[in-house]
Structures are given as structure tokens and as C-alpha cells.
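Colleague: coordinates only, sequence not included:
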């Protein structure tokens, strides 16, 4: 039978360790164990936490994979019930929101990465395509980021009216489109490029400049405008 947390030396217990030495010295398993709180008769909360960490099959050694785990997947681990699974999902979402600037308004976009770094972590592990429009003023300052399609599997079928509705309402002069590829590959499809051309033409007719269309993958992104320029040169 495994040793219970309370049977461990005091300095090896996650709660006491954090209190005495601070959160920086705790391992990922120990930090997650504090969220889990209690283990089972057979395993400590740290051991349960390690089982969750072992579910990471992304090949990347970080905690972002937690975003992709469903409540049902977490509950497959004996000792992780619905409440604990929901707590872990809430923790994952908090991490995303903490890393996403809440004060993105008035951020000046000088290059595609300025937008990608705001949205990359949020979209990285999404299992469906999500499209957003970044609305800017004449100084390229972000006024608003709004969702224009969620949960779909084919971005190009989205109505261009949906893309332009909010910018028209706000009388905004510039926009940037962003959508993710759940596969992790940020390479734009031919449909992505064709769709970008259609949005560019129609938005120009309405006095709105489409500055770019970014495709977000797994910690990578592609600027469709840059790709189109490269293809033109070749």
C-alpha cells in the first residue's frame, strides 16, 4: 500500500513545502496535487497528479496539454472524480487567461507576431477551428478581438458578413483575421488563401483594410499575406 501524504515527512508534503519554501520549488506534480487535494487508499494526490502528467502525448514538456483533456478523459484515472476533473479544467483555463493580456486594447500591431502572441496559447489545443477578427484603428491599435465562428470544422464556409459585421458597426478602418488549425500545422490551405482574397476584396469595397490573416498551429503561426508575397516572388 502506498504511503499517504500525511505519513510523509512534513517537508515533503506539497502544502507545507509551498508554505515554507514558496511555489517555485514545487514540481508540476506537487502543484497539481494541491488542486487534487486528496488521493485514494492506494495512491497519494502526488501520484494521481503524476498519472495526469503522464497523459501528455504532445512531445512537449509543459502543462499546456491540460487544455486539451476533457473532463471525461481526466475521470478515467481512478481517484479523479467529476469534481476534481472540473477543478483541473478550471485551473487550466485560469492559466490561459492569466497568460493572455486582458489589456490588449491599445496594443499597437507592428507585425503579425504581435497578434499571434496574444492568441496563440488560447487557440493552441482547440480541437475545432475557431475564427476571430482583430479590429484596429488607424494607428493599428487593437480596439477589440471578437469571435466570429466557434466549433466549426471548416473555416472557409463562414459568411463574410459575419467577419465584417462588428468592424462595420464600430466604423473601424482595419482588421486582421485569425483562425486555428487543430492539427497543429499552421500551413494555410488553398481554401484559406481563396477565402482571404474574397474577404480582402469585399472589405476594401466597404472601406475596411484587411491587414493579414493568421493561421495558428501548435506554438507556431503563418501569415497568409506573407505566404502570398513569397509565392508571388517565386
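Modeller: Arrived safely. It should be emphasised that the depicted structure is a prediction, and the values quoted were computed from it without experimental measurement.
Colleague: Now do stretch 196-211: distance to the chain's middle.
Modeller: For stretch 196-211, the separation from the chain centroid amounts to 27 Å (computed by Cα atoms, centre = their mean, to the nearest Å).
Colleague: One more: stretch 119-138?
Modeller: Stretch 119-138 sits 8 Å away from the centroid of its parent chain (Cα atoms, centre = their mean).
Colleague: Equivalent analysis for stretch 115-125, please.
Modeller: 5 Å.
Colleague: so what's residue 69 closest to, chain neighbours aside?
Modeller: Counting by Cβ to Cβ, 6 or more residues apart in numbering, residue 55 is the residue found nearest to residue 69 once chain neighbours are left out, at 6.5 Å. Any C-beta I mention is one placed from the backbone N, CA and C, and that applies to glycine too.
Colleague: What's the local residue count around the closest residue in space to residue 68 that isn't next to it in sequence?
Modeller: Spatially, and ignoring its direct neighbours in sequence, residue 68 is nearest to residue 125 (3.9 Å; Cβ to Cβ, 6+ apart). Residue 125: 19 surrounding residues under other Cβ atoms under 10 Å.
Colleague: following the lengthiest helix in the chain, which helix or strand comes up?
Modeller: For the chain, the helix that runs over the most residues, judged by DSSP state H, is helix 82-99. Next helix or strand after helix 82-99 toward the C-terminus (DSSP states H and E): helix 112-123.
Colleague: so what secondary structure elements neighbour that following helix?
Modeller: helix 82-99, strand 129-136, strand 142-152, strand 174-180, strand 209-216, strand 221-223 (3 or more Cβ pairs under 8 Å, 6 or more residues apart in numbering; DSSP states H and E).
Colleague: So for residue 198, which of those sits nearest?
Modeller: Closest approach to residue 198 among these is made by strand 209-216 (10.1 Å; Cβ to Cβ).
Colleague: Report the buried residues of that closest one.
Modeller: 210, 211, 212, 213, 214, 215, 216 (16 or more other Cβ atoms under 10 Å).
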